[in-house]
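Enquirer: sequence below, structure please.
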Amino acid sequence: MERILIIEDDPEIQEMLKFAFAREGWRIFAAATGEEGLKALGENGADCIILDIMLPGIDGLKTLRKIRETEGCKLLPVILCTARGEESDIVAGLELGADDYVVKPYSPRVLAARIRAALRRKESAKQEGQGTEKTFFQHGKISIDTERHTALLDGSPLELFATEFAILAHFMGNPDIVFSRQKLIAAVRGDDYPVTDRSVDVQIAGLRKKLKDAGEMIETIRGVGYRFRTDGN
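Expert: Numbering: from 1, shown residues only. Below is the predicted model:
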């Protein structure tokens, strides 16, 4: 039974989501503050977190940062909920490692669909590499093992968020192929994943920064998108 943690300070929204999610067969936990949410996560664990940005005490973005710093939670699906649909808020959440976001007011059915998609991606990541598909790639200083979910730069572990890891794995498994921003996100998140060009650029910028000088292998193709360039490496 999947465990869904709802961190939301509005009791009416909490009850609405609990009622809506009951038919999914999930085990639901709820917390009204970031502090309570982190405590519930530590006590009960979670398979997906619904996180409001506007929270009393530590806000949702600070809570997200603490979640990502928690042992074993770097790849835990986190869906941000915000009453503010400005691109800056969404980009800030993606930079901190959010997997998805919904803007209030939202339909509980839509949110449930987002959760199911996040849980499927999590399960796929677990099963990746069990068949005959190649799971280890190396180009230049970068190596990645999708089965063990590890990435190395010159032999040292890379600390990547889930989306950064997925993008790098897709690049390395398809070197020298040009991808538009939409095709890149569709490949790692699915066709129905909401995305702006700016949010993709933020993910790429973060990945390049972590790759240091090897980040130059991710080449911008002006007016088109990106490719992972291996010639000369």
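Enquirer: show me where the chain has helices.
Expert: 11-22, 34-44, 60-69, 87-95, 108-127, 162-173, 181-189, 197-211 (DSSP state H).
Enquirer: including distance to residue 231 and mean pLDDT, could these go into JSON lines?
Expert: In this view, the C-beta of every residue, glycine as well, is placed from N, C-alpha and C. Supplementary listing: the helices of the chain in JSON lines, determined by distance: least, Cβ to Cβ, whole Å; pLDDT from 0 to 100:
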{"stretch": "helix 11-22", "distance to residue 231": "49", "mean pLDDT": "91"}
{"stretch": "helix 34-44", "distance to residue 231": "45", "mean pLDDT": "95"}
{"stretch": "helix 60-69", "distance to residue 231": "35", "mean pLDDT": "92"}
{"stretch": "helix 87-95", "distance to residue 231": "30", "mean pLDDT": "74"}
{"stretch": "helix 108-127", "distance to residue 231": "30", "mean pLDDT": "79"}
{"stretch": "helix 162-173", "distance to residue 231": "14", "mean pLDDT": "88"}
{"stretch": "helix 181-189", "distance to residue 231": "20", "mean pLDDT": "79"}
{"stretch": "helix 197-211", "distance to residue 231": "17", "mean pLDDT": "87"}
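Enquirer: deepest of those, which one?
Expert: helix 162-173 (a mean of 22; mean count of other Cβ atoms under 10 Å).
Enquirer: pull the CA atoms of that one into CSV?
Expert: Extracted in CSV, the C-alpha atoms of helix 162-173 (Å, rounded to 0.1, in the frame of the first residue of the first chain):
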residue,chain,number,x,y,z
ALA,A,162,15.8,12.7,-9.8
THR,A,163,15.1,14.8,-12.9
GLU,A,164,18.7,15.7,-13.3
PHE,A,165,19.7,12.0,-13.2
ALA,A,166,17.0,11.0,-15.7
ILE,A,167,18.0,13.7,-18.1
LEU,A,168,21.7,12.7,-17.9
ALA,A,169,20.8,9.1,-18.3
HIS,A,170,18.7,9.9,-21.4
PHE,A,171,21.5,12.0,-22.9
MET,A,172,24.2,9.4,-22.3
GLY,A,173,22.0,6.6,-23.7
